[in-house]
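Chemist: need coordinates for the following:
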Amino acid sequence: MWNANLGTKRARLNTVQVGLLSGAWSTRVDLLNPHRIFGLATQGRQGCCKQWVTSFKIACSVDGISFNTVQDLNTSSTDKVFNGNIDQDTVVNNTLPVHQVCRFVRLLPLTWYDAISLRMELYGTAHVTDVVALGLESGTIPDSSLTASSVFTDNHGPERARLNLVLVGNLRGAWAAKVDLLTPHRIFGLATQGRQDFYPQWVTSFKIACSVDGVSFNNVQDLSTPSTDKVFNGNSDQDTVVNNTLPVPQVCRYIRLLPLTWHGHISLRMELYGTALVTGTHKTFEADKAVDFETKSVTGDKTVSVAFAKFFAVGDF
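Modeler: As a prediction, the model looks like this:
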């Protein structure tokens, strides 16, 4: 490191200069155990010097040896470049395109103002249970949880809106306006199909709304355009499964799928993917103190000692 007053433990969000203790920078964080990471917040250097990181990548590892760089979902096989800061103290929040299970997190600066200086916080959960299908296809979600404002006939009920369900006798059709998961879950995505039988019908685009109480629904937002609902791409035939990931995982008990465009008629089969919401495991992580060191070459011929920050879970969000 530059000197003893510029240690990497200074890279904590909202840390301020205290006497000679100043600076801001840490290349790697060890969370001690794997966590599911959803996003991070960054600032520049506080105090004497106008320094901040303007763009960066993020790499993630479970073992501390093999790191995978977070990918850009809009461009195949391309690393995601995150927007950084434009001044010393404004907090900039970034959400990962897809949550990452990591013990070790690296921030990889690409561009900066004057020098690489950064304060940060990570956001996620200690609950790393795998995302699973929530039970539309399997039948774990009961028929009574699938509702629609109207049905064509009794043979076209909303319970027919299960992924991969096929025509059985007179039971046909595919559509459910609302799904009740019975308890809140964290929803990460969904899969859809069109109608399976003699009629070529499918939904080509839709929105998603989410509710905890079944009364107040919030539409999933498009992160690229403020205050704009996210429009999801639907199907282009009857049977091909189309998968969509939510821009940010949503905590919901009730899910509404809101068709915008369709072929033939509104017909849809689907599955939801997520995890059960476990009270007390959804945390903000706050850096506590440096517990380990390694030497890294950062720029030119300068070598710095990099402290790993120890993180503790400190409350729900």
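
Chemist: so what touches stretch 91-100?
Modeler: Outside stretch 91-100, the residues that touch it by Cβ atoms under 8 Å, 6 or more residues apart in numbering are 13, 36-43, 58, 60, 70-73, 80, 82-86, 124, 188, 223, 245, 247-249. In this view, the C-beta of every residue, glycine as well, is placed from N, C-alpha and C.

Chemist: walk me through the domains of the protein.
Modeler: As given by automatic domain parsing, the domain ranges for the chain are 4-127+280-316, 132-276.

Chemist: spatially nearest residue to residue 145, not counting backbone neighbours?
Modeler: In space, and not counting its chain neighbours, residue 145 is closest to residue 180: 4.2 Å by Cβ to Cβ, 6 or more residues apart in numbering.

Chemist: and the one you found, how many neighbours?
Modeler: Neighbours of residue 180 under the rule other Cβ atoms under 10 Å: 17.

Chemist: so which helix or strand takes in residue 181?
Modeler: strand 178-193 (DSSP states H and E).

Chemist: apologies, that question was intended for residue 252.
Modeler: Counting by DSSP H and E, residue 252 is found in strand 242-263.

Chemist: list phi and psi for residue 159.
Modeler: Here is the backbone geometry of residue 159 (degrees, to the nearest 10): phi -70, psi -10.

Chemist: hmm, back to that, could I have the strand holding residue 181 exported to CSV, CA atoms only?
Modeler: Output of strand 178-193 as CSV, limited to C-alpha atoms (Å, rounded to 0.1, in the frame of the first residue of the first chain):
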residue,chain,number,x,y,z
LYS,A,178,-52.8,-14.6,-11.1
VAL,A,179,-50.8,-17.1,-9.1
ASP,A,180,-50.9,-17.3,-5.3
LEU,A,181,-47.7,-18.9,-3.9
LEU,A,182,-49.5,-19.1,-0.4
THR,A,183,-46.4,-17.5,1.3
PRO,A,184,-43.9,-14.8,0.1
HIS,A,185,-41.0,-16.0,-2.1
ARG,A,186,-38.1,-14.3,-3.8
ILE,A,187,-38.8,-14.6,-7.5
PHE,A,188,-35.9,-14.7,-10.0
GLY,A,189,-37.6,-15.6,-13.2
LEU,A,190,-40.1,-17.6,-15.2
ALA,A,191,-40.6,-19.8,-18.2
THR,A,192,-43.5,-19.6,-20.6
GLN,A,193,-45.0,-21.6,-23.5
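
Chemist: what angle sits between that strand and strand 242-263?
Modeler: 100 degrees (axes from the mean of the first three to the mean of the last three Cα atoms, to 10 degrees).

Chemist: and strand 178-193, what's buried?
Modeler: Across strand 178-193, burial judged by 16 or more other Cβ atoms under 10 Å covers 178-181, 184-193.

Chemist: adjacent strands (with direction) for it?
Modeler: strand 146-147 (antiparallel), strand 242-263 (antiparallel), strand 269-276 (antiparallel) (DSSP bridges).

Chemist: okay, these, which one's buried deepest?
Modeler: Neighbour counts (mean count of other Cβ atoms under 10 Å) averaged over each of the strands paired with strand 178-193 peak at strand 269-276, with a mean of 22.

Chemist: endpoints of stretch 123-138, how far apart?
Modeler: The first residue of stretch 123-138 is 33 Å away from its last residue (Cα to Cα, to the nearest Å).

Chemist: gap between residue 39 and residue 200?
Modeler: 41 Å (Cβ to Cβ, to the nearest Å).

Chemist: which two of the buried residues of strand 178-193 have the greatest separation?
Modeler: 184 and 193 (26.1 Å; Cβ to Cβ).

Chemist: residue 31 contacts residue 125, doesn't it?
Modeler: No: applying Cβ atoms under 8 Å, one finds residue 31 not in contact with residue 125, separated by 11.3 Å.

Chemist: for residue 84, the count of nearby residues, please.
Modeler: 22.

Chemist: who does the residue nearest to residue 145 bridge with?
Modeler: If you apply DSSP bridges, the partners that residue 180 bridges to are residue 254.

Chemist: give me the pLDDT for it.
Modeler: Residue 180 carries a pLDDT value of 93.

Chemist: residues in contact with it?
Modeler: Contacts of residue 180 (Cβ under 8 Å, 6+ apart): 144, 145, 146, 147, 214, 253, 254.

Chemist: quick one: the fifth one is in a strand?
Modeler: This means residue 214. No: counting by DSSP: H, G, I helix; E, B strand; the rest coil, residue 214 falls outside a strand, being coil.

Chemist: what's the local residue count around it?
Modeler: When neighbours are counted by other Cβ under 10 Å, residue 214 comes out with 11.

Chemist: brilliant, that's me finished.
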